[in-house]
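A.B. asks: Take this sequence and fold it.
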Amino acid sequence: MRLLSELLLPCASAFLACLGFTFVFNIHGVGKLICCLGGALGWLIYLLGDKSITAGFAAAVAIGVYSESMARARRCPATCYLLVALLPLVPGGGIYYAMSYCVAGYKDLFLTTLLQTFGLAAALAVGAMLSSSLFRALFPRFPRRLPGLTKK
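C.D. replies: The predicted structure is shown next:
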(Lines give C-alpha, C1' and ligand atoms only; values in the text may rest on other atoms or scores of the structure.)
Protein backbone atom coordinates (compact mmCIF):
# COMPACT_ATOMS: atom_id res chain seq x y z
CA MET A 1 0.00 0.00 0.00
CA ARG A 2 2.90 2.34 0.79
CA LEU A 3 4.42 1.76 -2.65
CA LEU A 4 1.12 2.69 -4.25
CA SER A 5 0.61 5.91 -2.31
CA GLU A 6 4.21 7.13 -2.25
CA LEU A 7 5.46 6.18 -5.71
CA LEU A 8 2.85 4.96 -8.17
CA LEU A 9 0.14 7.57 -7.63
CA PRO A 10 2.53 10.56 -7.77
CA CYS A 11 4.14 9.14 -10.93
CA ALA A 12 0.69 8.61 -12.46
CA SER A 13 -0.16 12.22 -11.58
CA ALA A 14 3.04 13.42 -13.27
CA PHE A 15 2.11 11.29 -16.30
CA LEU A 16 -1.31 12.97 -16.50
CA ALA A 17 0.17 16.44 -15.96
CA CYS A 18 2.51 15.85 -18.89
CA LEU A 19 -0.43 14.63 -20.95
CA GLY A 20 -2.12 17.99 -20.44
CA PHE A 21 0.99 19.84 -21.57
CA THR A 22 1.27 17.74 -24.73
CA PHE A 23 -1.88 19.47 -25.91
CA VAL A 24 -0.33 22.87 -25.23
CA PHE A 25 2.82 21.94 -27.16
CA ASN A 26 0.78 20.27 -29.95
CA ILE A 27 2.47 16.88 -29.70
CA HIS A 28 0.72 14.05 -31.52
CA GLY A 29 0.60 10.26 -31.56
CA VAL A 30 3.30 8.23 -29.86
CA GLY A 31 5.02 11.49 -28.92
CA LYS A 32 2.39 12.04 -26.23
CA LEU A 33 3.22 8.72 -24.62
CA ILE A 34 6.96 9.39 -24.84
CA CYS A 35 6.60 12.78 -23.14
CA CYS A 36 4.37 11.40 -20.42
CA LEU A 37 6.68 8.47 -19.69
CA GLY A 38 9.60 10.90 -19.47
CA GLY A 39 7.72 12.99 -16.91
CA ALA A 40 6.83 9.93 -14.86
CA LEU A 41 10.44 8.71 -15.02
CA GLY A 42 11.76 12.07 -13.84
CA TRP A 43 9.26 12.24 -11.01
CA LEU A 44 10.12 8.70 -9.90
CA ILE A 45 13.82 9.56 -9.72
CA TYR A 46 13.00 12.77 -7.87
CA LEU A 47 10.91 10.87 -5.31
CA LEU A 48 13.52 8.16 -4.84
CA GLY A 49 16.08 10.89 -4.09
CA ASP A 50 13.90 12.32 -1.27
CA LYS A 51 12.98 15.49 -3.18
CA SER A 52 16.37 17.13 -2.75
CA ILE A 53 18.29 19.39 -5.11
CA THR A 54 20.58 16.53 -6.11
CA ALA A 55 17.51 14.39 -6.82
CA GLY A 56 16.23 17.16 -9.08
CA PHE A 57 19.57 17.20 -10.87
CA ALA A 58 19.53 13.42 -11.29
CA ALA A 59 15.94 13.54 -12.58
CA ALA A 60 16.85 16.27 -15.08
CA VAL A 61 19.84 14.25 -16.31
CA ALA A 62 17.66 11.16 -16.74
CA ILE A 63 14.98 13.15 -18.57
CA GLY A 64 17.62 14.75 -20.81
CA VAL A 65 19.13 11.41 -21.84
CA TYR A 66 15.67 9.90 -22.29
CA SER A 67 14.47 12.83 -24.41
CA GLU A 68 17.55 12.83 -26.61
CA SER A 69 17.38 9.10 -27.24
CA MET A 70 13.65 9.15 -28.00
CA ALA A 71 14.06 12.17 -30.26
CA ARG A 72 16.77 10.38 -32.20
CA ALA A 73 14.67 7.23 -32.41
CA ARG A 74 11.68 9.16 -33.77
CA ARG A 75 13.69 11.69 -35.78
CA CYS A 76 11.99 14.61 -34.00
CA PRO A 77 13.37 17.57 -32.03
CA ALA A 78 14.22 16.74 -28.42
CA THR A 79 13.11 20.11 -27.09
CA CYS A 80 9.40 19.29 -26.81
CA TYR A 81 10.08 15.95 -25.12
CA LEU A 82 12.48 17.62 -22.69
CA LEU A 83 10.27 20.58 -21.83
CA VAL A 84 7.11 18.59 -21.29
CA ALA A 85 8.87 15.95 -19.18
CA LEU A 86 10.54 18.61 -16.98
CA LEU A 87 7.33 20.54 -16.27
CA PRO A 88 6.17 18.44 -13.28
CA LEU A 89 9.51 19.15 -11.58
CA VAL A 90 9.33 22.94 -11.93
CA PRO A 91 9.23 24.37 -8.39
CA GLY A 92 6.11 26.52 -8.68
CA GLY A 93 4.96 25.64 -5.17
CA GLY A 94 8.28 26.78 -3.74
CA ILE A 95 7.92 30.16 -5.38
CA TYR A 96 4.38 30.51 -4.04
CA TYR A 97 5.35 29.60 -0.48
CA ALA A 98 8.41 31.86 -0.57
CA MET A 99 6.27 34.84 -1.57
CA SER A 100 3.69 33.89 1.04
CA TYR A 101 6.35 33.89 3.75
CA CYS A 102 7.69 37.21 2.48
CA VAL A 103 4.29 38.89 2.65
CA ALA A 104 3.62 37.43 6.11
CA GLY A 105 6.97 38.74 7.36
CA TYR A 106 8.73 35.41 8.03
CA LYS A 107 12.19 36.37 6.78
CA ASP A 108 13.99 33.17 7.71
CA LEU A 109 11.37 30.90 6.11
CA PHE A 110 11.27 33.18 3.07
CA LEU A 111 15.02 33.01 2.48
CA THR A 112 15.23 29.27 3.13
CA THR A 113 12.36 28.48 0.78
CA LEU A 114 13.58 30.89 -1.89
CA LEU A 115 17.12 29.47 -1.89
CA GLN A 116 15.78 25.91 -2.01
CA THR A 117 13.55 26.85 -4.95
CA PHE A 118 16.34 28.59 -6.85
CA GLY A 119 18.64 25.65 -6.17
CA LEU A 120 16.12 23.19 -7.59
CA ALA A 121 15.46 25.37 -10.64
CA ALA A 122 19.19 25.70 -11.30
CA ALA A 123 19.71 21.95 -10.84
CA LEU A 124 16.97 21.23 -13.38
CA ALA A 125 18.43 23.64 -15.91
CA VAL A 126 22.03 22.46 -15.51
CA GLY A 127 21.07 18.78 -15.48
CA ALA A 128 18.99 19.02 -18.65
CA MET A 129 21.59 21.12 -20.48
CA LEU A 130 24.54 18.99 -19.38
CA SER A 131 22.93 15.66 -20.23
CA SER A 132 21.72 16.85 -23.63
CA SER A 133 25.10 18.32 -24.51
CA LEU A 134 27.04 15.26 -23.38
CA PHE A 135 24.63 12.91 -25.14
CA ARG A 136 25.04 14.78 -28.41
CA ALA A 137 28.83 14.85 -28.03
CA LEU A 138 29.22 11.19 -27.05
CA PHE A 139 26.69 9.69 -29.45
CA PRO A 140 26.77 11.67 -32.69
CA ARG A 141 25.68 8.59 -34.66
CA PHE A 142 23.09 7.16 -32.33
CA PRO A 143 20.67 4.83 -34.20
CA ARG A 144 18.34 7.08 -36.11
CA ARG A 145 15.35 4.76 -36.46
CA LEU A 146 13.65 2.25 -34.26
CA PRO A 147 10.75 0.17 -35.55
CA GLY A 148 7.37 1.36 -34.37
CA LEU A 149 8.62 4.71 -33.04
CA THR A 150 9.56 6.41 -36.30
CA LYS A 151 7.45 9.38 -37.21
CA LYS A 152 5.28 8.86 -40.28
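A.B. asks: Please count neighbours and contacts with C-alpha atoms only from this point.
C.D. replies: Fine.
A.B. asks: what comes up buried for stretch 126-146?
C.D. replies: Within stretch 126-146, the residues that count as buried by 16 or more other CA atoms under 10 Å are 127-128, 130-132, 135.
A.B. asks: meant to ask about stretch 53-70
C.D. replies: Under the neighbour-count criterion of 16+ other CA under 10 Å, stretch 53-70 has 53-70 buried.
A.B. asks: what does stretch 127-143 rub up against?
C.D. replies: Applying CA atoms under 8 Å, 6 or more residues apart in numbering, the external contacts of stretch 127-143 come out as 57-65, 68-69, 72-73, 82.
A.B. asks: repeat that with 7 Å
C.D. replies: Here stretch 127-143 makes contact (CA atoms under 7 Å, 6 or more residues apart in numbering) with 57-58, 60-61, 64-65, 68, 73.
A.B. asks: And for stretch 3-19?
C.D. replies: Contact with stretch 3-19 is made by 32, 35-37, 39-40, 43-44, 84-85, 88, as judged by CA under 7 Å, 6+ apart.
A.B. asks: And for stretch 98-108?
C.D. replies: Stretch 98-108 has contacts (CA under 7 Å, 6+ apart) with 109-110, 113-114.
A.B. asks: So which of these are in strands?
C.D. replies: Judged by DSSP state E, the subset of the contacts of stretch 98-108 located in strands is empty.
A.B. asks: Buried by neighbour count, from those residues: which ones?
C.D. replies: Neighbour counting by 16+ other CA under 10 Å classes 110, 113-114 among the contacts of stretch 98-108 as buried.
A.B. asks: in the helix or strand where residue 17 lies, what counts as buried?
C.D. replies: Applying DSSP states H and E as the criterion places residue 17 in helix 9-24. Residues of helix 9-24 classed as buried by neighbour count (16+ other CA under 10 Å): 10-19, 21-22.
A.B. asks: Residue 120: which of those residues is nearest?
C.D. replies: Nearest to residue 120 out of the buried residues of helix 9-24 is residue 14 (CA to CA; 17.3 Å).
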